[in-house]
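Colleague: I would like to see how this sequence folds:
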Amino acid sequence: NQFQFTDMDGKKISLVDFKGKVVLIDFWFTGCKGCIDVVEGLKTVEKSFTDKDVVFLSLSIDKDRAQWLQSIGEGKTYFTSHHTKYVYTSGTGTVNSFIKKYNPSNTYPQLMLLDRQGKVYITEPVKPFGPESEEKLIKQIEEALNHQ
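Modeller: So this is what the prediction gives:
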């Protein structure tokens, strides 16, 4: 997968960097109420996979880098988690080729799970996210870890 994103330090991150790991991508944008609910739930999910081959990737479609950085800033909003890698589309937003390919309906929040080979295992828009959603996602990640 040749897609590249920019992290908080301006470094380019590619999905190829995570080959051999299961990757959960959370599509979101600043101001999305449902996105905040998902992030709160993901904090619980992440704890189930500490020290396992799972990467949590927070992909913002914010066009404004300063706004994005403010949203994920330590202690400033709900988006900060120590287990998540934060990236954004370098200002391309919804016209980013990855977004157009994997979230063409521009539905947010949305989660996408990639297996160890980098293939899409599950992608789905998120309905209200609560404890049942967390349990379901934990099972899906465990399945993806064991998927050959």
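Colleague: what's near enough to touch Glu135?
Modeller: Going by Cβ atoms under 8 Å, 6 or more residues apart in numbering, Glu135 touches no other residue. For the C-beta atoms, the positions are set from N, CA and C on the backbone; glycine is no exception.
Colleague: buried set for whichever strand or helix holds it?
Modeller: Element membership for Glu135, per DSSP states H and E: helix 131-146. Within helix 131-146, the residues that qualify as buried are 133-134, 137, 140-141, 144-145, counting by 16 or more other Cβ atoms under 10 Å.
Colleague: ditto for stretch 66-73
Modeller: Buried residues in stretch 66-73, defined by neighbour count with 16+ other Cβ under 10 Å: 68, 71-72.
Colleague: go on, stretch 96-110?
Modeller: Buried, per 16+ other Cβ under 10 Å, within stretch 96-110: 96, 98-99, 102-103, 108-110.
Colleague: Those residues in strands, which ones?
Modeller: Gln110 (DSSP state E).
Colleague: Among the buried residues of stretch 96-110, which ones are in helices?
Modeller: Among these, the members falling in helices (DSSP state H) are 98-99, 102.
Colleague: Go through those residues and say which is closest to Leu57.
Modeller: Set against Leu57, the nearest of these by Cβ to Cβ is Phe98 (11.1 Å).
Colleague: unless I'm mixing things up, Cys118 is touching Lys19, no?
Modeller: Actually, residue 118 is Gly rather than Cys. Yes - using Cβ atoms under 8 Å, Gly118 and Lys19 qualify as a contacting pair, with a distance of 6.1 Å.
Colleague: Which one's more surrounded, the two?
Modeller: Ranked by neighbour count (other Cβ atoms under 10 Å), Gly118 and Lys19 place Gly118 first, with 16 against 13.
Colleague: which ones are touching that one?
Modeller: 1, 15-16, 18-19, 23.
Colleague: Let's have those residues in a markdown table, adding secondary structure and pLDDT.
Modeller: Listed next are the contacts of Gly118 as a markdown table, based on DSSP: H, G, I helix; E, B strand; the rest coil; pLDDT from 0 to 100:
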| residue | secondary structure | pLDDT |
| --- | --- | --- |
| Asn1 | coil | 52 |
| Leu15 | helix | 90 |
| Val16 | helix | 90 |
| Phe18 | helix | 92 |
| Lys19 | coil | 89 |
| Val23 | strand | 95 |
